[in-house]
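Colleague: Provided below are the primary sequence and the corresponding predicted coordinates.
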Amino acid sequence: MNASDQNALVIEGGNQLKGEITPQGAKNEALQILCAVLLTEEKVTIHNIPDIRDVNQLISLLEDLGVEIHKIGDNSYAFQAKEIDITYLQSEEYKAKASSLRGSIMTLGPLLARYKYAKIPKPGGDKIGRRRLDTHFLGFEKLGAKFNYNSDHKYFEIDAHDLRGTYILLDEPSVTGTANVIMAAVLAKGTTTLYNAACEPYIQQLCRMLTSMGAKITGAGSNLLKIEGVEQLSGTTHTMLPDMIEIGSFIGLAAMTQSEITIKNARIDELGLIPDIFKRLGIQMEFRNDDIFIPEQEHYEIDRFIDGSILTVADGPWPLFTPDLLSIVLVVATQARGTVLIHQKMFESRLFFVDKLIDMGAQIILCDPHRANVIGLDRQIPLRGIKMTSPDIRAGVALLIAALSAKGTSTIYNAEQIDRGYQYIDKRLQALGANISRI
Ligand SMILES: CC(=O)N[C@H]1[C@@H](OP(=O)(O)OP(=O)(O)OC[C@H]2O[C@@H](n3ccc(=O)[nH]c3=O)[C@H](O)[C@@H]2O)O[C@H](CO)[C@@H](O)[C@@H]1O
Ligand SMILES: C=C(OP(=O)(O)O)C(=O)O
């Protein structure tokens, strides 16, 4: 038995689910916000932190760097980065921990801002194609940092003795890259104008938090930010938004399993195009105050474009549709009535999980690494349970949704991929009536 066999989900499919589910705090926001605690020596209290693998690893990394951490509630922590042990960056332990998740890359900006030096191994995260980091380092260089990549030891090392605000046109609106440059710029001398910035709700939340710490940022929510450097930042209290990717996943789950589900406290105002895209797949939903009610639906029919042509669902930087939900859209389409073209523009290896769906009986043509054509089965034939391995976090949840709708038993190996981003997923879905166990 290998390691991945030891963390598997066994799913008995075909049950209709029913009930209420509350989304966890947003994983990708948490990774930014946690890194921002390094920017001040004062206390920062954070609420709604999801209890998931990536986030817990980042918290542990902060602790190793010398941040004082107190758990003050189920999902609340107090952090105080009075003194940071910069020598820890030279240790093998740091290398192992920092390279195990993507979010660790965002310690760079705060470390540069406060300690003028940072070092990081190639970060981890999903293997979903090339994940370049140029935007981060080009941005730091524009602010005056000297960057060196040690290809023997696979380390990025940066010196930033004199960070100065300037005009930066990012080469692409990278989410973590934008967060890094913002965090380096808030304590730099002078004003930084950041154009082609990412503006996902994660970034907007980071800007809100930094502003409440005393940073001077305008333009949050747009792709043009102005950051006037300040001498120092103070402590604050911040609450994470609900995870929009979990919310989209639960909408997809309800449709696929023909279930009536209410997603509680969804912060609908922050979901951008997400509800609209699921509505175009034919999924009905009602907004009840801040809850999303998804009724049991026997059939759902994929819309066409106004000119009658086949619908395409594609990803893009915010406010376009997030790439992290395309796998879910794809799986939901397998049981819809109609056809859709899924176009994953950003990542070249994120659609490769469709072979598992095809094994389960789904009708999908993988046109190339970026595009898949899904011909919905309209529940005429259920998917069949199979044994499979989860290649990445969102494919993992898409396969879980497929398994919950399928006839028979499925086993999903490598379930830690799912645990990286979904809090107690088996227990929370069991509470809705799902038949899931962990082996
Ligand atoms: C920890 C974290 O927050 N991870 C998220 C973050 O990763 P991350 O910040 O690593 O992703 P980036 O925004 O840097 O870009 C992701 C990929 O898309 C490509 N790209 C990006 C922008 C663009 O306009 N065109 C383009 O092709 C990049 O070259 C890169 O290969 O943002 C991704 C894109 O939303 C999400 O999938 C990840 O879940
Ligand atoms: C790709 C993702 O995460 P990461 O960037 O941490 O790999 C994701 O959250 O979908």
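Modeller: Structure's in. What do you need? Ligands and ions are numbered 1, 2, ... in the order given.

Colleague: in the stretch 201-350 of the chain, where is pLDDT below threshold?
Modeller: Regions of the stretch 201-350 of the chain meeting the criterion pLDDT under 70 are absent.

Colleague: which single residue of the chain ends up nearest ligand 2?
Modeller: G125 (2.9 Å; Cβ to the nearest ligand atom). Every C-beta, even on glycine, is put in place using the N, C-alpha and C of the backbone.

Colleague: give me the local confidence score for that residue.
Modeller: As summarised for this prediction, G125 has a pLDDT of 75.

Colleague: pull up the residues of the stretch 301-439 of the chain that are close to ligand 2.
Modeller: Proximity of the stretch 301-439 of the chain to ligand 2 (Cβ under 6 Å from any ligand atom) is limited to residues 324, 393-394, 421.

Colleague: once you drop chain neighbours, what's closest to D355?
Modeller: L366 (7.8 Å; Cβ to Cβ, 6 or more residues apart in numbering).

Colleague: neighbour-wise, which of the residues of the stretch 301-439 of the chain next to ligand 2 leads?
Modeller: R394 (29 neighbours; other Cβ atoms under 10 Å).

Colleague: who are the packing partners of the helix or strand containing that one?
Modeller: Per DSSP states H and E, R394 falls inside helix 393-405. Judged by 3 or more Cβ pairs under 8 Å, 6 or more residues apart in numbering; DSSP states H and E, helix 393-405 is in contact with strand 9-12, helix 244-256, helix 326-333, helix 354-359, strand 409-413, helix 416-419, helix 425-430.

Colleague: which one of these lies nearest to ligand 1?
Modeller: Here helix 244-256 is closest among those (Cβ to the nearest ligand atom), at 7.7 Å.

Colleague: wait, a helix at K279?
Modeller: Yes - judged by DSSP: H, G, I helix; E, B strand; the rest coil, K279 forms part of a helix.

Colleague: next, count neighbours for it.
Modeller: K279: 15 neighbours (other Cβ under 10 Å).

Colleague: leaving out the residues flanking it, which one is nearest to A188?
Modeller: In space, A188 is closest to L163, 3.8 Å off (Cβ to Cβ, 6+ apart).

Colleague: care to break this protein down by domain?
Modeller: What automatic domain parsing lists as the domains of the chain is 3-24+242-438, 27-239.

Colleague: show the end-to-end separation of the shortest one, please.
Modeller: Using Cα to Cα, to the nearest Å, the end-to-end distance of domain 27-239 comes to 13 Å.

Colleague: heads up, I number from 29, so please use that
Modeller: From this message on, residue numbering opens at 29, which makes the last subject domain 55-267.

Colleague: wait, isn't the residue nearest to D383 in contact with S377?
Modeller: No - at 11.7 Å, L394 does not count as touching S377 under the criterion of Cβ atoms under 8 Å.

Colleague: would you map the helices across this structure?
Modeller: Along the chain, the segments classed as helices by DSSP state H run 55-64, 81-92, 120-126, 136-143, 162-170, 203-213, 229-240, 272-284, 302-308, 354-361, 382-387, 421-433, 444-447, 453-458.

Colleague: against which helices or strands is the first one packed?
Modeller: Okay, so that is helix 55-64. strand 71-75, helix 81-92, helix 136-143, helix 203-213, helix 229-240.

Colleague: so which of the helices and strands packed on helix 421-433 is the most surrounded?
Modeller: Greatest average neighbour count among the helices and strands packed on helix 421-433 goes to helix 354-361 (a mean of 28), per mean count of other Cβ atoms under 10 Å.

Colleague: residues making contact with it?
Modeller: 276-277, 280, 283-284, 305-306, 309, 311, 330, 341, 343, 368, 370, 372, 378-379, 381-382, 385, 390, 392, 400, 402, 404, 422-423, 425-427, 429-430 (Cβ atoms under 8 Å, 6 or more residues apart in numbering).

Colleague: try stretch 232-250
Modeller: Here stretch 232-250 has contacts from 54, 57, 60-61, 64, 67-68, 72, 207, 210-211, 214, 225, 227, 231, 253-258, 260-266, 268-269, using Cβ under 8 Å, 6+ apart.

Colleague: which of the residues you listed come close to ligand 2?
Modeller: Of the contacts of stretch 232-250, not one also sits near ligand 2 (Cβ under 6 Å from any ligand atom).

Colleague: the residue of the stretch 329-467 of the chain found nearest ligand 1: how many residues sit nearby?
Modeller: Relative to ligand 1, the nearest point of the stretch 329-467 of the chain is M374 (3.4 Å; Cβ to the nearest ligand atom). Applying other Cβ under 10 Å, we find 18 residues neighbouring M374.

Colleague: which non-adjacent residue is nearest it?
Modeller: Closest to M374 by Cβ to Cβ, 6+ apart is P351, at 4.7 Å.

Colleague: quick one, what contacts that neighbour?
Modeller: Counted by Cβ under 8 Å, 6+ apart, P351 has contacts 343, 372-375, 378.

Colleague: ok, now Q363?
Modeller: 283-284, 404-407, 411, 433.

Colleague: also G94?
Modeller: 109-113, 116.

Colleague: ranking the residues you listed by neighbours, who comes first?
Modeller: Going by other Cβ under 10 Å, A109 tops the contacts of G94 with 23 neighbours.

Colleague: so that residue makes contact with E69?
Modeller: Yes - A109 lies in contact with E69 (Cβ under 8 Å); the separation is 6.3 Å.

Colleague: identify the residues contacting G218.
Modeller: Per Cβ under 8 Å, 6+ apart, neighbours of G218: 192-194, 256-257.

Colleague: would you turn those residues into a markdown table with distance to ligand 1 and neighbour count?
Modeller: Output for the contacts of G218, formatted as a markdown table (distance: Cβ to the nearest ligand atom, whole Å; neighbours: other Cβ atoms under 10 Å):
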| residue | distance to ligand 1 | neighbour count |
| --- | --- | --- |
| R192 | 24 | 15 |
| G193 | 22 | 21 |
| T194 | 21 | 15 |
| E256 | 25 | 15 |
| G257 | 23 | 20 |
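
Colleague: is ligand 1 contacted by stretch 76-88?
Modeller: No - Stretch 76-88 is not in contact with ligand 1 by Cβ under 6 Å from any ligand atom; minimum separation 7.8 Å.
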